[in-house]
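Engineer: predicted coordinates and the sequence they were generated for:
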Amino acid sequence: MSFSTLLSPQDAPQYSTLTPQEKASYMKEILGNSLPTIAAFLTPTFTTLCSLYFMTKYKDESLLAGYGLGAQFCGAFGQAWIASYNQATNVKISQAFGAKDFEGCGRYFRRNLILLGFFLIPLIIALLVADKFMIFFGVSEELASIGGTFTKLSTLWIAGFTLFDSLKAFAIGQKIFQPILYIQLFTLALHVLWSKLFIDVFQLGVVGAVICKFLEEWANTILLYLYIQKSGKFKQTWGAWTKDLFNVKELWEQFKFGCSIAIITYGQWAYYEVQTLIAGNFDKGQVVVHIAISNVSSWHYCFALAISVTMLTFLGNSLGERKLNKAKNYVWACFTLLGFQTIIYGLIILFGRHKWVQFWTDQASTQEYMLATITVYCCTCLIVDGINNGLMAVLKSVGKEKPTTKAVLASIYLVGVPLVALFAFVFDLKVKGVWIGFGIGALTQLALNFNTFRQIDWKQVQKDVIEKNSQDQKETELTAML
């Protein structure tokens, strides 16, 4: 059987032959449907920024720095792993849905919940001892105590975040985007009101910030669950809890695949925490600078990650439908969008940088240092973060997890970390040195990812997806018979 007979006759033309209007339609589809994912990925950054805004009224740099440390630790050792692991579920569900393996969608989702339940145990332990971890790496006891208060109390809402993010991956894998956006916009609006009440009016500080997160995450979970149950759009895919879900062999296979996907994103996300711990060795002003740059970086990174994950859904669906050209068209449209995003974000920083530093501090010396550090960020991470996200999303979808993982670990931990230590401590550039080292690591990662991308055999990718989906459907039929 020839390769062409394995493809759908309704496949799209190649991207190079499309008109500008047709290319724009692909970009519009990705961007429009990425809004819920953008909201999901930017929620932690937005809520942190919202809490920081109300805490700036306290005129206490220690509180800002300590809360920032706690929020970043919670992100890296809680939310980051959960969100990264759920990308694997997105890959599986999107491919199964494209191949019309509806039972497979529910099976992947439920096994994912089982696995994440086990992951919550070490994640919660890490949050409970975060203050000791910070002190061990040189953070002052004052800042570690404030940050540790946030991480300990965050154990109250981390399960809610886990359930919501898993439900979101389940829905997005089936091309259901907009309801998630509406839910998150609603709870984000409420978060602003809650922050005003608990942080500003009641002056609860870090405790108030945790209360706001608790209300938000569990509200998101309940609302999305009700939508899935009441909308009628998930009757074929929701499934039920059956004994075969606890099949050790199948759980192990999904665990391995999930980890191979998750470590790619998590390896980068956790490094933000490494940077924060390093920054915690300097004075409060330096920590504030680092938190400020990290928030700028997170907005750009998470926006690009959301677009890439949305593309990943369409790529997986198209491969499941045996439409290889259509799958590749989404890839090229995604890269174009990420290029536009980088340019626009750079222009916003260029024209808004002075107002931005005034938001964070009124200390002239800190403002000057912050401006110098944002220039370092713009010349390195800003340029490559968007395209790196796009490349990694593609590589995760086409079976290139191993070389991509190696690229992440090598560029960040073999190149980035030593250079951070060199520039920050040996050359005494402090936080500026942290971002120089991290930026060079990001540039290295781009080179490695691009080299792997060039080697993709798209025909083999399509064959592998067809073979895997056929095997999964046979297993489902066999289980049903038993």
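Structural biologist: Yep, it's here.

Engineer: separation between L63 and A71?
Structural biologist: 12 Å (Cβ to Cβ, to the nearest Å). Quick note: C-beta positions are derived from backbone N, CA and C, even for glycine.

Engineer: please apply the same query to F41.
Structural biologist: F41 is 15 Å from A71, by Cβ to Cβ.

Engineer: between the two, which has more neighbouring residues?
Structural biologist: A71 (29 against 24; other Cβ atoms under 10 Å).

Engineer: confidence score at the more buried one?
Structural biologist: Looking at A71, its pLDDT reads 84.

Engineer: pretty sure it contacts F150?
Structural biologist: Yes - here A71 reaches F150: they are 6.3 Å apart, a contact under Cβ atoms under 8 Å.

Engineer: not counting sequence-adjacent ones, nearest residue to I38?
Structural biologist: Ranked by Cβ to Cβ, 6 or more residues apart in numbering and with sequence neighbours excluded, the top spatial neighbour of I38 is A306, at 4.0 Å.

Engineer: for N295, give me its contacts.
Structural biologist: 45, 48-49 (Cβ atoms under 8 Å, 6 or more residues apart in numbering).

Engineer: gap between it and L350?
Structural biologist: N295 is 17 Å from L350, by Cβ to Cβ.

Engineer: these two touch, right, I135 and A144?
Structural biologist: Yes - shown here, I135 and A144 form a contact pair, counting by Cβ under 8 Å, at 4.8 Å.

Engineer: who's more crowded, these two?
Structural biologist: Neighbour tally, I135 and A144, criterion other Cβ under 10 Å: the higher count belongs to A144, 25 against 16.

Engineer: which residues does the more buried one contact?
Structural biologist: Here A144 is in contact with 66, 69, 131-132, 134-135, 280 (Cβ under 8 Å, 6+ apart).

Engineer: mind running it again at 10 Å?
Structural biologist: Taking Cβ atoms under 10 Å, 6 or more residues apart in numbering, we find A144 in contact with 66, 69-70, 73, 130-138, 151, 280.

Engineer: where does pLDDT dip in the protein?
Structural biologist: Applying pLDDT under 70 to the chain flags the ranges 1-6, 40, 44, 273, 472-482.

Engineer: using a markdown table, lay out the contacts of N295 together with neighbour count.
Structural biologist: Output for the contacts of N295, formatted as a markdown table (neighbours: other Cβ atoms under 10 Å):
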| residue | neighbour count |
| --- | --- |
| T45 | 20 |
| T48 | 23 |
| L49 | 17 |
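
Engineer: from the residues you listed, pick the one nearest Y271.
Structural biologist: Using Cβ to Cβ, T45 comes nearest to Y271 of the contacts of N295, at 16.2 Å.

Engineer: could you look up the SS state of that closest one?
Structural biologist: Secondary structure state of T45, per DSSP: H, G, I helix; E, B strand; the rest coil, is helix.

Engineer: wait, L42 touches L185, no?
Structural biologist: No - no contact is recorded between L42 and L185 when judged using Cβ atoms under 10 Å, the distance being 11.4 Å.

Engineer: which one of these two has more residues nearby?
Structural biologist: Between L42 and L185, counting by other Cβ under 10 Å, L42 is the more crowded of the two (20 against 13).

Engineer: secondary structure element holding that one?
Structural biologist: Element membership for L42 (DSSP states H and E) is helix 20-56.

Engineer: starting at the chain centroid, how far to that helix?
Structural biologist: The chain centre lies 11 Å from the centre of helix 20-56; the measure is Cα atoms, centre = their mean, to the nearest Å.

Engineer: then the next helix or strand after it to PDB, C-alphas only?
Structural biologist: The C-terminal neighbour of helix 20-56 among helices and strands, as given by DSSP H and E, is helix 61-74. Extracted in PDB, the C-alpha atoms of helix 61-74 (Å, rounded to 0.1, in the frame of the first residue of the first chain):
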ATOM      1  CA  GLU A  61       9.800  45.800  49.400                       C
ATOM      2  CA  SER A  62      10.300  42.800  51.700                       C
ATOM      3  CA  LEU A  63       6.600  41.800  51.300                       C
ATOM      4  CA  LEU A  64       6.800  42.200  47.500                       C
ATOM      5  CA  ALA A  65      10.000  40.200  47.200                       C
ATOM      6  CA  GLY A  66       8.900  37.500  49.600                       C
ATOM      7  CA  TYR A  67       5.500  37.100  48.000                       C
ATOM      8  CA  GLY A  68       7.100  37.000  44.500                       C
ATOM      9  CA  LEU A  69       9.500  34.300  45.700                       C
ATOM     10  CA  GLY A  70       6.600  32.200  47.000                       C
ATOM     11  CA  ALA A  71       4.400  32.700  44.000                       C
ATOM     12  CA  GLN A  72       7.200  31.700  41.600                       C
ATOM     13  CA  PHE A  73       8.100  28.600  43.800                       C
ATOM     14  CA  CYS A  74       4.500  27.500  43.800                       C
END
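
Engineer: mind giving me the packing neighbours of helix 61-74?
Structural biologist: Helices and strands touching helix 61-74, as assessed by 3 or more Cβ pairs under 10 Å, 6 or more residues apart in numbering; DSSP states H and E, comprise helix 20-56, helix 102-128, helix 130-136, helix 141-154, helix 205-230, helix 248-279, helix 284-320.

Engineer: show me what the shortest one is packed up against.
Structural biologist: Using 3+ Cβ pairs under 10 Å, 6+ apart as the contact criterion, the elements in contact with helix 130-136 are helix 61-74, helix 141-154, helix 248-279.

Engineer: okay if I get these as a markdown table plus distance to I228?
Structural biologist: Output for the helices and strands packed on helix 130-136, formatted as a markdown table (distance: least, Cβ to Cβ, whole Å):
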| stretch | distance to I228 |
| --- | --- |
| helix 61-74 | 27 |
| helix 141-154 | 26 |
| helix 248-279 | 21 |
